[in-house]
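S.K.: How does the following fold in three dimensions:
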Amino acid sequence: MKVYLIHHAHALTAEQDPARPLSAQGRVESERLVARLKSVGAQPERILHSDKLWTQETAERVAAGLGAPVRPALAGYSIGTDDPLAPFLAEIATASGDIAMAGHVDYLVRSASRLVGGNEKRTVVEFKPGNGTVFCLEGSDDNWVVAWGWRQEQLGA
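M.R.: Numbers count the residues shown, from 1 in each chain. Presented below is the predicted three-dimensional model:
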């Protein structure tokens with residue numbers, strides 16, 4: 001099984017638009033992200049996102065670009081900085097196929113750390129510089145590895 005941890009694409013600031021949709025830069029980042037995911041044959045059966053518009057738009061662009069058979073879905077639990085990982089980990093454990101999560105850096109880093117290292121405080125991936133970055137974890141149960149990571153500056157990779 002694969003878990004794709006996607007840091008959302010760049011959004012407008014709250015001053016530019018209080019809803020914070022993706023910016024022009026974010027739309028380009030999401031296109032590049034889709035190209036990378038397509039190049040590795042990614043086909044998540046679920047694409048989750050947080051309740052923020054910019055994560056939803058990132059997830060929708062990924063789904064559309066991959067031709068995913070399912071629509072992205074709002075995670076049924078909060079995925080903020082300090083929110084518990086247990087609901088996401090339970091979803092991974094019961095999934096019958098690959099999962100993608102378009103979310104926020106701290107939650108994604110903690111998720112990877114818990115899956116790969118067994119401890120959410122032991123950092124195993126870093127999303128910096130950030131927006132539009134993805135890490136693919138592969139495994140099951142308590143046996144996970146970082147299969148690959150990709151950042152926007154790796155356009156040719």
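S.K.: all strands for the protein, in order.
M.R.: 2-7, 46-49, 73-74, 99-103, 134-140, 143-150 (DSSP state E).
S.K.: Tell me which stretches of this structure form helices.
M.R.: 24-39, 53-66, 86-94, 105-117 (DSSP state H).
S.K.: Any chance of JSON lines for the ones you listed, columns distance to I47 and mean neighbour count?
M.R.: Placement of C-beta: from N, CA and C, glycine included. Below are the helices of the chain laid out as JSON lines (distance: least, C-beta to C-beta, whole Å; neighbours: other C-beta atoms under 10 Å):
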{"stretch": "helix 24-39", "distance to I47": "10", "mean neighbour count": "18"}
{"stretch": "helix 53-66", "distance to I47": "5", "mean neighbour count": "22"}
{"stretch": "helix 86-94", "distance to I47": "12", "mean neighbour count": "15"}
{"stretch": "helix 105-117", "distance to I47": "14", "mean neighbour count": "20"}
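S.K.: Looking at the ones you listed, which is nearest to L74?
M.R.: helix 53-66 (7.3 Å; C-beta to C-beta).
S.K.: what helices or strands is the closest one leaning on?
M.R.: Here helix 53-66 touches strand 2-7, helix 24-39, strand 46-49, strand 99-103, going by 3 or more C-beta pairs under 8 Å, 6 or more residues apart in numbering; DSSP states H and E.
S.K.: Give me the contact list for the second one.
M.R.: Outside of helix 24-39, the residues within contact range by C-beta atoms under 8 Å, 6 or more residues apart in numbering are 4, 6, 8-11, 22, 54, 57-58, 61-62, 65-66, 131-132, 134, 150, 152, 154-155, 157.
S.K.: do that again at 7 Å, thanks
M.R.: 6, 9-11, 22, 54, 58, 61-62, 65-66, 131-132, 134, 150, 152, 155 (C-beta atoms under 7 Å, 6 or more residues apart in numbering).
S.K.: now do stretch 10-22
M.R.: Residues contacting stretch 10-22 (C-beta under 7 Å, 6+ apart): 9, 23, 25-26, 29-30, 52-54, 57-58, 131.
S.K.: Widest-spaced pair of those residues?
M.R.: Q25 and K52 (16.8 Å).
S.K.: I'm done for today, thanks for sticking with me.
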